[in-house]
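K.L.:
I would like the atomic coordinates for the input below:
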Amino acid sequence: MIVDTPLGPVRIQGTDSAVTHLAFMAPNTPDDAQAGRMSAPVAEAARQLEAYFAGRRDAFDLPLAPDGTVFQKRVWRTLCEIPNQQTRTYGDIAKMLGQPGASRAVGLANARNPIAVVIPCHRVIGANDRLTGYAGGMTRKIWLLTHEGHRVDASRQRLAR
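P.N.:
Below you'll find the predicted structure:
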């Protein structure tokens, strides 16, 4: 299913029991996902995403089934624990996992997050409040953080405290 958002179209995919993918699409990308029947989790993800972008929801309550390694799945579950209007560093996430030396591995897992926005990888920042890469693009990361109430110095690509 394709959902229009303020950040461009988003493709949501899933099974009958869970959302498996949510990704920003390039404009004018053919929609080959519309042909199949829409599962209840995908339809609910679309409703919740619309409410999030409208400012009526700040957290998601969806069954998720991202495909990844055991470590990636642990990272993604931990990302879901970051409350709206808060951020964590890669080092914070590594410590939360009980692996304080794994910040680089956390970054790699973060970059492979298959369920954007819902698994809030945009809330992960570098040390000293630096904004780091985002698979959806830095403009989208800045927009999402601002939408969630953060003050962002876009010219310096860092949170403004």
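K.L.:
helices along the protein, start to end?
P.N.:
40-53, 70-79, 90-96, 103-111, 138-147 (DSSP state H).
K.L.:
what's the angle between the last one and helix 40-53?
P.N.:
Same thing as helix 138-147. For helix 138-147 against helix 40-53, the angle by axes from the mean of the first three to the mean of the last three CA atoms, to 10 degrees is 70 degrees.
K.L.:
what mean pLDDT does helix 138-147 have?
P.N.:
Helix 138-147 carries an average pLDDT of 96.
K.L.:
next, count neighbours for L145.
P.N.:
22 (other CB atoms under 10 Å). For glycine as for every other residue, the C-beta is placed from the backbone atoms N, C-alpha and C.
K.L.:
and if you look at D58?
P.N.:
D58, neighbours per other CB under 10 Å, totals 13.
K.L.:
about what we covered before: tabulate the helices of the chain (TSV), appending distance to L62.
P.N.:
Below are the helices of the chain laid out as TSV (distance: least, CB to CB, whole Å):
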stretch	distance to L62
helix 40-53	5
helix 70-79	13
helix 90-96	21
helix 103-111	19
helix 138-147	17
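K.L.:
what ranges of the chain fall below the confidence cut-off?
P.N.:
Within the chain, the ranges that satisfy pLDDT under 70 run 27-37.
K.L.:
hmm, 80 instead?
P.N.:
27-37, 161 (pLDDT under 80).
K.L.:
T20: which of the helices of the chain is closest?
P.N.:
T20 lies closest, by CB to CB, to one member of these: helix 40-53, at 8.8 Å.
K.L.:
which helices and strands sit right next to the closest one?
P.N.:
strand 2-5, strand 8-14, strand 19-24 (3 or more CB pairs under 8 Å, 6 or more residues apart in numbering; DSSP states H and E).
K.L.:
mind listing residues that contact the longest one?
P.N.:
To tie it back to what came earlier, the one meant is strand 8-14. 1-4, 19-25, 27, 29, 31, 33, 39, 41-42, 45-46, 49, 65, 116-117 (CB atoms under 8 Å, 6 or more residues apart in numbering).
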